[in-house]
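Engineer: mind looking at a prediction? Sequence and model below.
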Amino acid sequence: MEQERRYAVDPPETSAGSVPGPQLLGRVYRPDPRDWDIPRLLEIAEPAESIRQMTVEQVLTETPYFSDWRAYLVFWRWLRTQREPVAVRDKAPAWELTIQLDQGQTGHCVGFGWAGWVDAMPVAGTYQNTDAHALYYEAKVIDGEPRKENGSTVRSGALAVRERGRLAAFAFARTTAEIDEWIDSQGSIVVGTAWTADMFNPDEKGFVTPTGAASGGHCYLLLDRIESEDAYLFQNAWGPAWGWGGRFKMKRGDFDGLLQDQGEACCAVELPH
């Protein structure tokens, strides 16, 4: 199902898609042993079955569930999904994202990957290019390198979004099975991988292939799992003229290869706003 989409209201002077190249790549890989795994994150992504079987009064009086303010927001988010089910596509929801961002001729992909995540369902946002650039610079403060134009980490982007009160917690998926479980039920995923020379030019069907020389690291957004093509659908921030209307596809096997080669797939529990 094709979604109605609109271009960001603050376009750059030169679109990223007009001159695609290594200057657009700014994802830095820096693992942290404190990162959560997906099973731990799923514990707070929605209320446990035991909680869902109780009345609100019972939860309040008999459990410590609502002792943290984030639990109220996670519960609200879960309750909203029960009232507003997402239409499915190939058994997996295509997380609606109507705003097409454009990072211009910058390496601010981490800020744009996370801005796209904020804009996407299940909790839609209205971030524009200016917001994405600001997120990048907030991530650089977290990196301890304020204003530097040398890229940032997916993790620092997540921390910047958390400081804005837009997410409760995040974790990194290690396998495509974990990615599939999250994308099927929870929301979009901010990913960071190596980017190769051949990936700058998607084919006529919108597919990129991670072949050719390594060009750098890139951050982008995973929106959907397309079973019929054994592929994932991604949103890039290089304007609407690049790729498949600003998006691209990649075979699951190809993406798994990137994931296992110091790749990242950051899953986050979004908070209402």
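Structural biologist: That came through, no problem.

Engineer: nearest residue to the middle of this structure?
Structural biologist: residue 190 (2.5 Å; Cα atoms, centre = their mean).

Engineer: so what does that residue look like in phi/psi?
Structural biologist: Dihedral angles of residue 190 (phi, psi; degrees, to the nearest 10) stand at phi -90, psi 120.

Engineer: wait, doesn't it sit right on residue 270?
Structural biologist: No: contact status for residue 190 versus residue 270: not in contact, 11.3 Å apart, counting by Cβ atoms under 8 Å. In this view, the C-beta of every residue, glycine as well, is placed from N, C-alpha and C.

Engineer: overlap in contacts, these two.
Structural biologist: Counting by Cβ atoms under 8 Å, 6 or more residues apart in numbering, the common neighbours of residue 190 and residue 270 are residue 117.

Engineer: in the chain, which segments are predicted with low confidence?
Structural biologist: 1-5, 43-47, 66-94, 273 (pLDDT under 70).

Engineer: make it 50
Structural biologist: Within the chain, the set of residues satisfying pLDDT under 50 comprises 1, 85-92.

Engineer: which strand is the longest one in it?
Structural biologist: strand 214-226 (DSSP state E).

Engineer: ok so, going back, and the residue nearest to the centre of the chain, what does it touch?
Structural biologist: So residue 190 contacts 113-114, 116-117, 154, 157-158, 219-222, 265-266, 268 (Cβ under 8 Å, 6+ apart).

Engineer: so which of those sit within strands?
Structural biologist: Judged by DSSP E, strands contain the following of these: 219, 220, 221, 222, 265, 266, 268.

Engineer: quick check: closest non-adjacent residue to the fifth one.
Structural biologist: Put plainly, it is residue 265. residue 173 (4.1 Å; Cβ to Cβ, 6 or more residues apart in numbering).

Engineer: my guess is the one you found contacts residue 182, does it?
Structural biologist: Yes: using Cβ under 8 Å, residue 173 is in contact with residue 182, at 6.3 Å.

Engineer: what do those two both touch?
Structural biologist: Joint contacts of residue 173 and residue 182 (Cβ under 8 Å, 6+ apart) are 38, 189, 267.

Engineer: tell me the contacts of the residue nearest to the first one when sequence neighbours are not counted?
Structural biologist: So that's residue 38. Once flanking residues are discounted, residue 38 sits nearest to residue 178: 4.6 Å by Cβ to Cβ, 6+ apart. The contact partners of residue 178, taken as Cβ under 8 Å, 6+ apart, are 38, 265, 267.

Engineer: what's near enough to touch the second one?
Structural biologist: Applying Cβ under 8 Å, 6+ apart to residue 265 gives the contacts 172, 173, 178, 179, 189, 190, 191, 222, 259.

Engineer: quick one, which of these are buried?
Structural biologist: Buried by 16 or more other Cβ atoms under 10 Å: 172, 173, 178, 179, 189, 190, 191, 222, 259, out of these.

Engineer: let's see which of these end up in helices.
Structural biologist: 178, 179, 259 (DSSP state H).

Engineer: roughly how far does the second one sit from residue 172?
Structural biologist: Applying Cβ to Cβ, to the nearest Å, one obtains 10 Å for the distance of residue 179 from residue 172.

Engineer: overlap in contacts, those two.
Structural biologist: In contact with both residue 179 and residue 172: 265, 267, using Cβ under 8 Å, 6+ apart.

Engineer: let me see the residues that make contact with stretch 220-233.
Structural biologist: Residues contacting stretch 220-233 (Cβ under 8 Å, 6+ apart): 89-95, 97, 109, 113, 116-117, 120, 179-180, 183-184, 188-192, 207, 234-237, 247-253, 255, 265.

Engineer: got it, and stretch 16-30?
Structural biologist: Contacts of stretch 16-30 (Cβ under 8 Å, 6+ apart): 102-110, 136, 150-155, 192-193, 195, 200-201, 215-219, 237-243, 246, 262, 264.

Engineer: show the buried residues in the residues you listed.
Structural biologist: Among the contacts of stretch 16-30, those classed as buried by 16+ other Cβ under 10 Å are 102-104, 106-110, 136, 151-155, 192-193, 195, 200, 215-219, 237-240, 242-243, 246, 264.

Engineer: now, the residues you listed that are in strands?
Structural biologist: Using DSSP E, these in strands are 192, 193, 195, 215, 216, 217, 218, 219, 264.
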